[in-house]
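Enquirer: predicted model and sequence below, questions to follow.
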Amino acid sequence: MNKCKLILVIILIMLVAAILVGCKEKQMSKENTIQSVETFSVKYNGVEVTPGTEFNESLISEEANFSEIASCAFEGTDKMYTYSGVELVVANVNGKDKIYSVYFITQDVKTAEGVGLTDNISKMIEAYGEDYNQLISNKYTYTKGEVELSFIVQDDLITSIEYVLKTNG
Amino acid sequence: MSKKRTKKSKGKRVKTRKDKIKEQRNTQIYNTGENKDITRNEKDIKKVNKKQKSIKRKNKLKKQLQNQRIQQKRVNEETVKDKKKNGGAKNKRKNSGARNKSFNNKKSNRLNKEEDSKQIVSTRDEINAQEKANLNEKGKKVEKRVVIVINAIMLIAIILFLYLLFRPKFKDVSIELGTESISVDNFLVSSMYKKNAKSITDLSQIDFSKVGAYDIVLAFNGKNETVKLNIVDTIAPKVKFTDLHRYIGYEINAEDFIVEKEDLSEMTVSILEAPENLDEYSDYKVKISVKDSSGNETIGECNLSISWILDELYQELGMPLDVNKLVLGNSENESKIPQSEIDKVNTSVIGEYEIRTEYEGKEYVSKIIVQDTTPPDLELKNITIYDDERIDSYTQFIKSVSDISGKPSTSLKTEIDYSKIGNQEIVIEAVDVNGNRVEKTAVLTITKDVFEPVISGLTNITVRKNSQINYYSGVKAVDEKDGACEITVDSSGVNVSVAGTYYATYISKDTKGNTTRKTRKIMVEHDESDTNAKFEEFYNKYCAGKDIVSMSNEVRTRITYEANWGGNDPVWYGLTEGKGNCYVHTMIMQRCLQKAGYTNQIIYRLDKGHYWNLVYIDGVWRHLDSTPSLRHTKGLLTDEQKWNDAGLDGVGWDRSLWPAAE
């Protein structure tokens, strides 16, 4: 009888210990989640071109059409790099040339979640949910970290996709 | 004769054990209740047989004893007779009466019967005893023999064991030079020692390419033995000899008579017999010896023909006759051959031709054998097909084939496997009329048609509202296998009556069913009414009833910054794309201010690098910048405040062109 009691006590202690460990891990993972800031990530031809990152033209093997105009929002000029699939705008952000926006040109380019031009709006909602901001009637904007991902929709078809760096302006 | 005694009971014959057994043996008992057949007990049968045999033996002995008794009786009778003859009293007694006689007869009969019965009994005992005695004897004899045999076997086994234990396990070995390797097994006298035998000497270190003797140490169950390994060369060199045709003055060289020679050790070539002089045009015998380093010798006898012209020349069909090859010695000998003789040789016809020449009074006949030993010229080409295609004929692989003797025949030597995707070798043989063959290999590549047609020409189209669209103009679909393919267009999503951006879908399919789908952007141009409608929608939704600063905030936040002037209609651009540069924001803001009833102007930097609005409110002008940027101060600003705005980069405006905002 004494032995049985002892075994029961041991099992109970182990259970309590397991619960406590589980709670702690959950808390830690939550803390980890809070600490790390997620953002939309975008790549073109395997190269990271997420807005807010520095742009290294040499990393993209494709040749770009280049143009620049005086910037209304940033110091200096806005530099446009037009590739076959995307258009990148590089601006002087906080003293450094960083990617400001990535605009999709062809339907061959997809977001990391697999959404592209000519896709149905349902695919966008499936990938990103309904927690969007509708700045204008046909423009759906999702925000993650410092990057905004906007879709323009006409007749339920996506006609425009753009990643833009939040400027808080 | 004694009678057989039988048991009698109530007039009936009582069955003896023997009878019962007989009965048992000869009858089958049926179990009527279960209708089963019960077969004889085999053991019982054996017992019965055994008993029968012993009974037979007993009967035999009985008979023998009976015969003995009969003889004894006869002897007794004779003695009685003798006694009668000799003694009167006895006779008187005899004569005293037939009664006595008959009494005596009866008595003797009775006595005889008793004797018989006693004798029968004793006979049986005797028989049994004898039988037993015989058996014992036999048994003893057999026992003796068995013991002897067992003893013999044991002795042999012991001898054999001792022999096997102490005899040597390994033996000397001789191997032929060139043997690749040797193992412990080769040295064993019997394979039964294989398990515990090992080599102490490293056998891999032995050079099998050299003749020699080696001491090899081997061990069996830890006990070492040394044996000899002899590498010997007993094989003579393999030599292919040839006859020679040479000119006068030739110096005999043994190597000239050898086409090829082969041996594992070094060889020396020497002339065993050769003529002393080679002054005359004649045939001579030459003996050549090829010896290896172990003394194994191969001797060849060759013919050395000294002449100025060959007896025989093989000429390839179709090739011009090279007379130089026919003569020996210097080329001047060619002139010895008359041209008429040379002309006899038709090198384009297979056959044998004779050339006769005379020199120094001697006639020389040389045979020219025109032959065809050259295989046809065959050139193949590789072919690539799709998996649903077939080769009509293997001749498709043949680029060209020819032969001097005429058109050669060709054949396919391999089967085409149409199920194999990828490369496979195709072997084709060509044979000329004279049997000369050649084989060549081509590659057949079978590919799967998994590629859909490629549609090109799908540039964006901009059309006016309500106009006709030619969807097929400049568009084509081409398939790698099928060539030009049909295109179908799905333009159900295009509404040319409403300005906007639409997509038309172009579809093309090849014969294999590989399908390609591409979309094309169709932009239906807007007009003023579209822009107005778009603006009204925006204003009513986000700006109506709001103050100037709030309206400016709406424009700033809802239209994101893009380095784009917005083309011909920045308001339309900004409101449909939701983005634009400072000019787009300014133009939209202007419409909002107008809508709200505010007097306003568009103002810009001296270098036109930036645009914003100037609005008249509460009796004064104020600057209003709606561009989304931290560099542009929000709200209503005076000239001084705006002049210091970071977004102007120190570049102001022409104050003479616009009213002051003090």
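Expert: Happy to help now that I have it.
Enquirer: list the buried residues of stretch B:627-643.
Expert: B:Thr627, B:Pro628, B:Ser629, B:Arg631, B:His632, B:Thr633, B:Lys634, B:Leu636, B:Leu637, B:Asp639, B:Lys642 (16 or more other C-beta atoms under 10 Å in any protein chain shown). C-betas here are computed from N, CA, C, even on glycine.
Enquirer: out of the residues you listed, which is nearest to B:Val478?
Expert: Using C-beta to C-beta, B:Pro628 comes nearest to B:Val478 of those, at 46.8 Å.
Enquirer: okay, and which of the buried residues of stretch B:627-643 map to strands?
Expert: B:Leu636, B:Leu637 (DSSP state E).
Enquirer: now the buried residues of stretch B:627-643 as TSV including pLDDT and distance to chain A?
Expert: What follows is those, written out as TSV (pLDDT from 0 to 100; distance: C-beta to the nearest C-beta, whole Å):
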residue	pLDDT	distance to chain A
B:Thr627	93	5
B:Pro628	91	4
B:Ser629	88	4
B:Arg631	87	7
B:His632	90	7
B:Thr633	90	11
B:Lys634	90	9
B:Leu636	94	17
B:Leu637	93	15
B:Asp639	93	20
B:Lys642	92	14
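Enquirer: and the furthest pair within the buried residues of stretch B:627-643?
Expert: Farthest pair in those, by C-beta to C-beta: B:Pro628 and B:Asp639, 22.8 Å.
Enquirer: so the most centrally placed residue in chain A versus A:Leu149, what's the distance?
Expert: By C-alpha atoms, centre = their mean, the mean C-alpha position of chain A lies nearest to A:Phe40, the distance being 0.7 Å. As for A:Phe40, its distance to A:Leu149 is 5 Å (criterion: C-beta to C-beta, to the nearest Å).
Enquirer: check B:Lys171 too.
Expert: 90 Å.
Enquirer: quick revisit: host element of the residue nearest to the centre of chain A?
Expert: Here A:Phe40, judged by DSSP states H and E, is contained in no helix and no strand.
Enquirer: in space, what's closest to it - neighbours in sequence excluded?
Expert: A:Val147 (4.2 Å; C-beta to C-beta, 6 or more residues apart in numbering or on different chains).
Enquirer: shouldn't that neighbour be in contact with A:Gly52?
Expert: Yes. Assessed by C-beta atoms under 8 Å, A:Val147 is found in contact with A:Gly52 at 6.5 Å.
Enquirer: neighbour count: the two, which is higher?
Expert: Each of A:Val147 and A:Gly52 has its neighbours counted (other C-beta atoms under 10 Å in any protein chain shown); A:Val147 has more, 23 against 18.
Enquirer: now do the same contact list for the more buried one.
Expert: Neighbouring residues of A:Val147 by C-beta atoms under 8 Å, 6 or more residues apart in numbering or on different chains: A:Thr39, A:Phe40, A:Thr50, A:Pro51, A:Gly52, A:Tyr163, A:Val164, A:Leu165, A:Lys166.
Enquirer: hang on, the earlier thing: ok, B:Lys171 and A:Leu149, which is more surrounded?
Expert: The neighbour count for B:Lys171 versus A:Leu149, taken as other C-beta under 10 Å, is higher for A:Leu149 (26 against 13).
Enquirer: from the buried residues of stretch B:627-643, which single one is nearest B:Asp654?
Expert: Nearest member of these to B:Asp654, counting by C-beta to C-beta, is B:Asp639, at 12.1 Å.
Enquirer: if I look at the closest one, how far off is B:Asp649?
Expert: Taking C-beta to C-beta, one finds B:Asp639 at 17 Å from B:Asp649.
Enquirer: worst-scoring helix or strand of chain A, pLDDT-wise?
Expert: The least trusted helix or strand in chain A, going by mean pLDDT, DSSP states H and E, turns out to be helix A:2-35, with a mean of 59.
Enquirer: which parts of chain B sit against chain A?
Expert: When proximity is defined by C-beta under 8 Å from any C-beta of the partner chain, chain B lies next to chain A at B:493, B:495, B:500-503, B:519, B:521, B:537-538, B:541, B:556-563, B:575-579, B:581-583, B:607, B:609-611, B:627-632, B:647, B:649.
Enquirer: run through the chain and note the low-pLDDT ranges.
Expert: Here I'm looking at chain A. A:1-4, A:7, A:15, A:17-37, A:168-169 (pLDDT under 70).
Enquirer: let me rephrase: I mean chain B.
Expert: Judged by pLDDT under 70, the stretches of chain B that qualify are B:1-15, B:21-43, B:78-124, B:127.
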